[in-house]
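*Asks:* mind folding the following:
(chains A and B)
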Protein chains: 2
Amino acid sequence: MEQEIRKDTPIKFEIVKKYVEIYNPRNISLGNTRIISKIVDNIENDTGEKFIRMEMGVPGINPSEIGINAEINALKNNVAGIYPPVDGIPPLKNEISRFAKLFLNVDISPDNCVPTVGSLNGSYAAFMVTGRRNKEKNTILFIDPGFPVHKKLVHMLGFRQESFDVNNYRGIKLKEKLAEKLKNGNIAAILYSNPNNPTWICFTEEELKIIADLAKEHDVIVIEDLAYFAMDFRKDYSHPGIPPFQPTIANYMDEYILLISGSKSFSYAGQRIGILILSEKLTKTKFPDLLRFYSNDILSNALIYETIFLTTAGVPHSIQYGFADILKAANDGDYAFVDDVRIYGEKAKIMKKIFTDNGFKIVYDLDGNEPIADGFYFTVSFPGLQGDELSEILLYYGISSIPLSSTGSLHTEGIRACVSLVRKEQFPLLEKRLNLFSEHFTHV
Amino acid sequence: MEQEIRKDTPIKFEIVKKYVEIYNPRNISLGNTRIISKIVDNIENDTGEKFIRMEMGVPGINPSEIGINAEINALKNNVAGIYPPVDGIPPLKNEISRFAKLFLNVDISPDNCVPTVGSLNGSYAAFMVTGRRNKEKNTILFIDPGFPVHKKLVHMLGFRQESFDVNNYRGIKLKEKLAEKLKNGNIAAILYSNPNNPTWICFTEEELKIIADLAKEHDVIVIEDLAYFAMDFRKDYSHPGIPPFQPTIANYMDEYILLISGSKSFSYAGQRIGILILSEKLTKTKFPDLLRFYSNDILSNALIYETIFLTTAGVPHSIQYGFADILKAANDGDYAFVDDVRIYGEKAKIMKKIFTDNGFKIVYDLDGNEPIADGFYFTVSFPGLQGDELSEILLYYGISSIPLSSTGSLHTEGIRACVSLVRKEQFPLLEKRLNLFSEHFTHV
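*Replies:* Numbers count the residues shown, from 1 in each chain, chains lettered A, B, ... in the order given. Below you'll find the predicted structure:
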């Protein structure tokens, strides 16, 4: 790293340096969250100092008691001894269908609603079948920035991938860029997350329509990752059956897979539960090329009864009951799940201001003409520093983050901040540490 | 089907025929357990008659209260909100390591012990890395008969497969047959289950050594499926730390993956938990060909931190606590898990006699010179009938099963009987129905 770090940093210089070197600074550049966490855990242990932990995209809220109680009940009823249906227990399938209607305003049959072992498992299943339904289409297109794990997954599965940073192609400019990417006919599916990890940008309705129209034109399936469901707090998506509804590609096209995670919107990360929703058309269309690997040429059947069944044989039984009750309560209006997570937006608003008051800039700052929402993540940079340098230097100031470069962003000067594990009581400390950092580095 | 079925069968002829035709008799021939179950569910509903249900290999015993209570505790401690470590929580890893020592007499570091979402998930991970560690070795060899699901999985993953029915190659004859299969150098891994599903044969120590020696000679990894752990009831493997121990390839070679399931020995099928154990050598050897798909060239890392992480991100948190306590109790000698499942052997002994008293033969009957054990499954045939015919005809007699042909067995006259869901109170009914069947079909 080029920048000199002063020895009088808030966190003891030698200790930070020690662990950065033990775990290899390259892992910071690569945004290896797990390793960055280990570095910070070690520093915290040795120094007794608490960090402002912004590196991990994990929930910072207790899981729903409704789910926990339902799981406990199910366990007491001995579901642990009975194989769950691989396509999901009927109460869960029904509640997913209701959820889609009440919060997305989309009509989906319960047959097309499947629980998965976390939405990562849903991503896996989605890539496997979309990437194999047509021999000529063997490439996944990522609209970046994105979740690096998805790229590793696609690579591991043996598919090709392409990507582009959407930052310079917002609004109508998206059309030409996307058309360019799709024109060769090799793209099997497009994936994006909305709201976006790491930037928190949210696609506008115009952008969703552009994606949908081009996907239809080029016979591409859209995989929409709704991990941060209803968390664009600029609008209130929280009332079942009452507009506005969570935006979705499903309003614009009929060949899609939606992934909803239990981990962030419902703080149920530990139990590994996600939802996969298939559009009706994908349950009807035959794709003969699937027969190279599957006995089913219907995509939904290949996904559920083979891709999922053969690799996990379904989601644990008690957890399905737990999540069914969570969704039921949300659907019935008894559990205002969005209200529980609004705190992320509140924290982001304050934290962004602390950063910008100290010379930082918000990297991804607009959706169209509107400032992006305050939510789970935001992105910042500091003049004169590259993102990986910034992530490393901020460790000496007791703040952890990941560089944007690992996410496919071209804004390599940026870092991603996750607000989840930062407590409001830590804001004065954040302010103090950023003051000092800013003082030390403003000459740069 | 060639055989005429009399109209005076115990289960109303027209109703059985109706559902067999709705669901397609081909599904019986193919051993599609799920579909056979649906046929039987429908017949039971319509007729009010209960079947002797022998088609489904599912546990017939309540899950352990120890596990349930531990899960409930963990849920109350909010683990549902915290991502589990992908390689397993330390208490579980430790207990798996102890379990390996106390019941297999094998020394395995907790580092090499990983929970998976059912042992099917462990199979998936094992195939993925063994099948890719060497470009030239892209074929999985199944020692049949076996679990058809494994073959579908390997096919779905895009690997090649070969297999042979071991029935004619028991004992020393296994050596030549296996050598023939391995000589081309294309085999990446060998898989077998021991005790075996569907036949309940158990490999002798001589046979395990033959497999191990040839695997070593040809650089083949052995994947040993111990789903029916300690369930060869001819010996008492149930006392922790006291011989005899569950036989294992780990006694004979050092490149293996062991799969242990929570579903049968521990009746924990609903929660989807299995154990994967890697031999030490697989945590040390570099396989550069893995780098085609993984960032790790160490097999264990590619397995845990990529193959598992990228497709499930680990086993649900509360379930890991549940299973850790189950194993701890087994390890401490407080939970005689083998005693709980002995009932399967007791039932098999009686049921086999009822079958053989009525003209049936045990198809796979010997391990070496010794009769096979009485356990979870057994195999029978009836003179003059093919297995798929027999499975179909027995439906009219209120007995369900699956044909052996779907398992890779060359004994196409056989069917697999699972004792799990058959209640002792049903034995007189089984006797009565088989009497009638035998009377009707002995002329054949």
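*Asks:* contacts, neighbours, all on C-alpha from now
*Replies:* Will do.
*Asks:* contacts only, for the residue lying closest to A:Arg170 once chain neighbours are set aside.
*Replies:* Leaving aside its sequence neighbours, A:Arg170 sits nearest to A:Gly368 (Cα to Cα, 6 or more residues apart in numbering or on different chains; 6.9 Å). Applying Cα atoms under 8 Å, 6 or more residues apart in numbering or on different chains, we find A:Gly368 in contact with A:170-171, A:204.
*Asks:* do A:Arg170 as well
*Replies:* A:207, A:367-368.
*Asks:* and these, which of them are in helices?
*Replies:* Within the contacts of A:Arg170, residues falling in helices by DSSP state H are A:Glu207.
*Asks:* so which of the contacts of A:Arg170 comes closest to B:Leu276?
*Replies:* A:Glu207 (45.0 Å; Cα to Cα).
*Asks:* beta partners for A:Ser261?
*Replies:* A:Gly274 (DSSP bridges).
*Asks:* was I right to think it contacts A:Ile273?
*Replies:* Yes - when contacts are counted by Cα atoms under 8 Å, A:Ser261 is listed as touching A:Ile273 (6.7 Å).
*Asks:* which neighbours do these two share?
*Replies:* Residues touching both A:Ser261 and A:Ile273 (Cα under 8 Å, 6+ apart) are A:118-119.
*Asks:* what sits closest to A:Ser193 if chain neighbours are left out?
*Replies:* According to Cα to Cα, 6+ apart, the nearest residue to A:Ser193 is A:Asp225 (4.4 Å).
*Asks:* and A:Arg433, by the same measure?
*Replies:* Excluding the flanking residues, the one nearest A:Arg433 by Cα to Cα, 6+ apart is A:Tyr397, at 5.9 Å.
*Asks:* phi, psi for that neighbour please.
*Replies:* phi -100, psi 10 (degrees, to the nearest 10).
*Asks:* burial of it, as a residue count?
*Replies:* Neighbouring residues of A:Tyr397 were enumerated by other Cα atoms under 10 Å in any protein chain shown; the total is 23.
*Asks:* average pLDDT across the host helix or strand of A:Lys347?
*Replies:* Per DSSP states H and E: A:Lys347 is located in helix A:337-357. Predicted confidence along helix A:337-357 averages 96 (mean pLDDT).
*Asks:* in that helix, what's buried?
*Replies:* Within helix A:337-357, the residues that count as buried by 16 or more other Cα atoms under 10 Å in any protein chain shown are A:337-338, A:340-349, A:351-352, A:354-355.
*Asks:* rewinding a little: make CSV out of the contacts of A:Gly368 and add pLDDT and secondary structure.
*Replies:* Converted to CSV, those look like this (pLDDT from 0 to 100; DSSP: H, G, I helix; E, B strand; the rest coil):
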residue, pLDDT, secondary structure
A:Arg170, 96, coil
A:Gly171, 96, coil
A:Thr204, 95, coil
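*Asks:* nearest to B:Met231, of the residues you listed?
*Replies:* A:Thr204 (59.2 Å).
*Asks:* what about the nearest residue to the closest one once chain neighbours are set aside, distance to A:Gly146?
*Replies:* Using Cα to Cα, 6+ apart and skipping residues adjacent in sequence, the residue nearest A:Thr204 is A:Asp367, 7.0 Å away. Look at A:Asp367 and A:Gly146: by Cα to Cα, to the nearest Å, they are 16 Å apart.
*Asks:* if you count surrounding residues, which of those two has more?
*Replies:* For A:Asp367 and A:Gly146, the more surrounded residue by other Cα under 10 Å is A:Gly146, and the numbers stand at 25 against 17.
*Asks:* hmm, back to that, chain B: which of the contacts of A:Arg170 is nearest?
*Replies:* Among the contacts of A:Arg170, A:Glu207 lies closest to chain B (Cα to the nearest Cα), at 28.9 Å.
*Asks:* what's near enough to touch the closest one?
*Replies:* So A:Glu207 contacts A:170-172, A:174 (Cα under 8 Å, 6+ apart).
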